[in-house]
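In: Test case, fold it:
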Amino acid sequence: MNAQPLMEEMEQRPFAYADIYRHPAMSGRDLPPALAAVRKNESSCVVILADGTWFVTWSQGSFEGAVDERIVCAKSTDLGRTWSEPVAITSSTPTVRRSYGCPFAVPGSERLYLFLHEGRRDGGHISHCGPDIDAGHFAHLWSDDQGATWSAITPIAIPDRDISAFPDKIHAHLNHPPQVMPGGQVVLPFTQGLRNGAVRRFWQLCCCETSLLWCENLLTESDPAKLRFSLLPPGTRGMRASIMSHGANPAVRRLAAAFGGHPEEIASNAQELTVVPLADGRWLGVVRTYLGSPGYTISHDEGRTWTPVERLRYGPEGEFIEHPHTMCPIARLPDGRFLLLFTNNDGTRKGAAHVWDGGCRTRNPQWFAIAREIPGETRNAGLLFGPPRILAAADETPPADGFTASTATGISMPQYLHVDGRHFVQYGLKKEHILLDEIPAAVINELTPELPN
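Out: Predicted structure coming up:
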């Protein structure tokens, strides 16, 4: 494969493997609509189909929040080396935004689902800062021919939460595909937000919580109309960081000062959960927070209750892992080790003013670290991390035309994949391109920490 596209707009990419999608060269704001509509590409999710085909979905449009946003898909039949051209699965309308979707391939079958959130969009009589913007519901659609054709969209009714501004609609988003836990539960992580007065001024101050949509019979029910869904944890609220514990956190205070908010109102924010099983059967959840670190929470009862969100460290008595308010997924490797993807910046490095500072200030470079469980240890979820290493770094040269497809660029929304004994990470570059890297097993081994005696 030509090396030029692999390194275009990159400063470092030591594990470069393939480009899933790069939009054509373009410059300026007054582009033909068909060309402008492929400029923004983000929130990609890859699943492996029954025959080994790689299937990816992502959000494409002129820019984040554009009327032409849609969810597209592409396929690869050669372990991610080459990809088909993207085709649309479903599109936004003047009144409904459909931009983020997460696929799920039912093991041992040809059934493929796509989960998404349908929200009200700005327009007509709806104010762009009103509480009903982006309020909506979860939904799903399905395909039995590897995404060539899709069913109609079916809404998913879920119980009401206290964080909801409306009794029948939610402000929420999805970023990670559903996953099968060791007990057979299929869980879909999601984030739900409160669109209060502060958010109408600055969305960076939003109070958010994270939860799991438990897809109770997704593995066994062939009739999509009979699928059952419930929430983990059950009850009136999801997982949050503790305001009482973290209101004095320096990263929270910097963010509040930058946007005229109050630390005691925003410290609870926890978003974009990933969940993995630990050796003793506990579930570990890792979330992005306002705390200058990834947050973590533990469930001892398969998602029904969770410990308060705390900051993740390199070890039980180690330094805090630094991270801004962007996705920080953790994945369990088949041999029981863990891989954490993060950006190693607590909102003070690279000239950043706070954890929400976008561009290449907080979301570049992309780092990763490998962890092992310390037998019998419960502090820090029992995890000991080795030294971090850069996965990739974007070229920070500003675009010549001064236009960006999103308010927060750099490298973001990574996803780890283990396929045929190999380790892959796919991610977004400047929310305009979707890239795929392979980390050699030797590097994983080199970064694995030695357990204490």
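In: pLDDT below threshold where in this structure?
Out: Within the chain, the ranges that satisfy pLDDT under 70 run 1-3, 122-129, 196-201, 407-408.
In: which residues of it fall in helices?
Out: For the chain, the helices defined by DSSP state H cover 3-7, 33-36, 197-201, 243-246, 250-259, 263-266, 359-362, 441-446.
In: Nearest to A392, out of these?
Out: Among the helices of the chain, helix 3-7 comes nearest to A392, with 10.2 Å by Cβ to Cβ. Just so you know, the C-beta spots here come from the backbone N, C-alpha and C atoms, and that holds for glycine as well.
In: how far out from the middle of the chain is the closest one?
Out: Relative to the centre of its chain, helix 3-7 is centred 25 Å away, using Cα atoms, centre = their mean, to the nearest Å.
In: Could you do stretch 87-97 as well?
Out: Stretch 87-97 has its C-alpha centroid displaced from the chain centroid by 20 Å (Cα atoms, centre = their mean).
In: start to end distance for it?
Out: 18 Å (Cα to Cα, to the nearest Å).
In: same deal with stretch 257-264?
Out: The separation between the terminal residues of stretch 257-264, taken as Cα to Cα, is 12 Å.
In: List the buried residues of that stretch.
Out: Residues of stretch 257-264 classed as buried under the neighbour-count rule (16 or more other Cβ atoms under 10 Å) are A258, F259, G261, P263.
In: Outside of that stretch itself, which residues are in contact with it?
Out: 198, 201-202, 204-205, 243, 247-249, 252-253, 255-256, 353-354, 356 (Cβ atoms under 8 Å, 6 or more residues apart in numbering).
In: switch the cut-off to 6 Å
Out: A198, F202, Q204, L205, I243, G247, V252, R253, A256, A353, H354 (Cβ atoms under 6 Å, 6 or more residues apart in numbering).
In: repeat for stretch 56-66
Out: Identification of contacts with stretch 56-66 by Cβ under 6 Å, 6+ apart yields 36-46, 68-74, 99-101, 103, 405-406, 434.
In: ok so, going back, can you tell me which of the contacts of stretch 257-264 has the most neighbours?
Out: V252 (29 neighbours; other Cβ atoms under 10 Å).
In: Now that that one has come up, it's in contact with A267, right?
Out: Yes - counting by Cβ atoms under 6 Å, V252 does reach A267; the two are 4.8 Å apart.
In: ok so, going back, and the two most separated of the contacts of stretch 257-264?
Out: Farthest-apart pair in the contacts of stretch 257-264 is I243 and A353; separation 22.5 Å (Cβ to Cβ).
In: how far away is W214 from C45?
Out: Using Cβ to Cβ, to the nearest Å, W214 is found at 19 Å from C45.
In: what's the answer for V275, then?
Out: Here V275 is placed at a distance of 15 Å from C45 (Cβ to Cβ).
In: just to revisit the earlier point, any idea which of the helices of the chain gets closest to Y314?
Out: When the helices of the chain are compared by Cβ to Cβ, helix 441-446 sits nearest Y314, at 16.4 Å.
In: Sort out which residues of the closest one are buried, please.
Out: By neighbour count on 16+ other Cβ under 10 Å, the buried set for helix 441-446 is V443, I444.
In: now do stretch 146-155
Out: Q146, G147, W150.
In: and which of the residues you listed is nearest to D223?
Out: W150 (16.4 Å).
In: so the closest one makes contact with L141?
Out: Yes - counting by Cβ under 6 Å, W150 does reach L141; the two are 5.0 Å apart.
In: Excluding residues flanking it in the chain, which one is nearest L112?
Out: Ranked by Cβ to Cβ, 6 or more residues apart in numbering and with sequence neighbours excluded, the top spatial neighbour of L112 is S143, at 4.7 Å.
In: again with M26
Out: Closest to M26 by Cβ to Cβ, 6+ apart is L35, at 5.7 Å.
In: Compute the distance between that neighbour and S62, please.
Out: Separation of L35 from S62 (Cβ to Cβ) stands at 9 Å.
In: Those two: who's more crowded?
Out: Per other Cβ under 10 Å, whichever of L35 and S62 has more neighbours is S62, with 19 against 13.
In: Report how many residues lie close to the closest residue to that one other than its chain neighbours.
Out: Excluding its sequence neighbours, the residue lying closest to S62 (Cβ to Cβ, 6+ apart) is A36, at 4.5 Å. Using other Cβ under 10 Å, A36 has 21 other residues around it.
In: cool, P103 as well?
Out: Residues contacting P103 under the criterion other Cβ under 10 Å number 23.
In: G281 too?
Out: The burial count for G281: 12, using other Cβ under 10 Å.
In: same deal with G183?
Out: Close neighbours of G183, defined as other Cβ under 10 Å, add up to 10.
In: Return the residues in contact with it.
Out: E302.
In: So it versus L232, what's the distance?
Out: 12 Å.
In: Can you pull the residues that touch both of these two?
Out: Common neighbours of G183 and L232, counting by Cβ under 6 Å, 6+ apart, are absent.
In: Count the residues that sit near the closest residue to V106 other than its chain neighbours.
Out: Using Cβ to Cβ, 6+ apart and skipping the chain neighbours, the partner closest in space to V106 is L219 (6.4 Å). By other Cβ under 10 Å, 16 other residues sit near L219.
In: ok, now T53?
Out: Count around T53 with other Cβ under 10 Å applied: 15.
In: Hmm, it is touching K75, no?
Out: Yes - if you go by Cβ under 6 Å, T53 and K75 touch, sitting 5.5 Å apart.
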